[in-house]
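Novice: Here's a sequence, model it:
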Amino acid sequence: MDSLATALYVETDGLLKDSPHLAPWRPATGIAPRLTDAELVTLAMMQAMLGFTSEAKWLRHARAHLRHLFPYLPKQPGYNKRLRKVAELLRRITRLLATDTSVWSDVWIVDSTPVECGRSRETVKRSDLAG
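Specialist: Take a look at the predicted model:
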């Protein structure tokens, strides 16, 4: 997991340095955020990739397992506020990271939700599997 976090952070930080217009606007003076945009994007990407749907559970997990990688982890309300403000940045970074991989052009993602079929008695009787 450390390697994933490091790779995501390095790639995201590089993209933000190459294209600073992607980052949300901040005034030149004032209090700088304790969690950088690259760190925030890394946390959000890892949350999605690891399947955490609850921000509170994700932050508890991150505090327990990723504290050595992130010197500051916000509380849930602050994390949520920052995520909402950088939603467009997350979309752009996700697209840039996706186009950087072969998955972008090689794989089709489809909805694989199982759909029941052949459950009714009439359907089973009409089926070729009925014998």
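Novice: On the pLDDT front, check residue 95 for me.
Specialist: As summarised for this prediction, residue 95 has a pLDDT of 87.
Novice: Tell me, how many residues neighbour it?
Specialist: 11 (other C-beta atoms under 10 Å). The way it works is simple: take the backbone N, C-alpha and C, and place the C-beta from them, glycine included.
Novice: Can you name every helix or strand that the helix or strand containing it contacts?
Specialist: For residue 95, the element it lies in under DSSP states H and E is helix 87-99. Counting contacts by 3 or more C-beta pairs under 8 Å, 6 or more residues apart in numbering; DSSP states H and E, helix 87-99 is packed against helix 2-18, helix 37-49.
Novice: Out of those, which one sits most buried?
Specialist: Sort the helices and strands packed on helix 87-99 by mean neighbour count, taking mean count of other C-beta atoms under 10 Å, and helix 37-49 sits at the top with a mean of 21.
Novice: how far off helix 2-18 does the helix or strand following that helix point, in degrees?
Specialist: Per DSSP H and E, helix 37-49 leads on to helix 55-65 as the next helix or strand towards the C-terminus. Angle, helix 55-65 to helix 2-18, by axes from the mean of the first three to the mean of the last three C-alpha atoms, to 10 degrees: 110 degrees.
Novice: Helix 55-65: which residues count as buried?
Specialist: 55, 58-59, 62 (16 or more other C-beta atoms under 10 Å).
Novice: As a markdown table, the residues you listed with pLDDT would be great.
Specialist: Below are the buried residues of helix 55-65 laid out as a markdown table (pLDDT from 0 to 100):
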| residue | pLDDT |
| --- | --- |
| 55 | 93 |
| 58 | 95 |
| 59 | 95 |
| 62 | 94 |
